[in-house]
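Trainee: Any chance you can model this:
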Amino acid sequence: MRKHEPLYKSFGYAFQGIWRTIRDERNIKIHLTATVLVVIFGLLLHISETEWFVCAVFIALVISLELVNTAVEAAVDLVTEERRPLAKKAKDAAAGAVLAAAICAAIVGCVIFLPKLVVLL
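Mentor: Residues are numbered from 1 along each chain as shown. Just a heads-up that it's a prediction; the model follows:
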């Protein structure tokens, strides 16, 4: 039976994965920029605690799926560099999951923020 590494090392590996993804992947930088804008607008428009919670859940969902998408792409690339239908299917499905979550997040963001912006204008 394999001996488990200390828990702090597991967290260290997880943080390395997050930082490496942020460093190397364009799309997560876009999602993080959107996150900063949501926080800024949330503060300026005084969104409610419930609205903050909903925003936080969608932010976590999109960022998490982007990390998983990066992992799927890396794993597929590790297995094959050839253009293969199953490799494409895996990569496209992972990217589609991120896109679906991002679209839902944008819709929810519009529901939360647009009425508050309209009142200001």
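Trainee: Specify the helix with the largest residue count in the protein.
Mentor: When the chain is parsed with DSSP state H, its longest helix is helix 85-120.
Trainee: On the three-state scheme, the residue nearest the centre of the chain is what?
Mentor: Nearest residue to the geometric centre of the chain (CA atoms, centre = their mean): Ile63, 1.5 Å. Here Ile63 is helix, with the state taken from DSSP: H, G, I helix; E, B strand; the rest coil.
Trainee: Hmm, it is touching Ile30, no?
Mentor: No: counting by CB atoms under 8 Å, Ile63 stays clear of Ile30, with 11.0 Å between them. Yep, even glycine has a C-beta here, placed from its N, CA and C like the rest.
Trainee: which SS state does Glu81 fall under?
Mentor: Classification of Glu81 using three-state DSSP returns coil.
Trainee: what's the nearest residue to the residue nearest to the centre of the chain if we skip its chain neighbours?
Mentor: Nearest in space to Ile63, with sequence neighbours left out and distances taken as CB to CB, 6 or more residues apart in numbering, is His31 at 5.8 Å.
Trainee: Could you list every helix and strand that the helix or strand hosting the one you found packs against?
Mentor: Here His31 sits within helix 26-44, counting by DSSP states H and E. If you count contacts as 3 or more CB pairs under 8 Å, 6 or more residues apart in numbering; DSSP states H and E, helix 26-44 packs onto helix 7-24, helix 49-79, helix 85-120.
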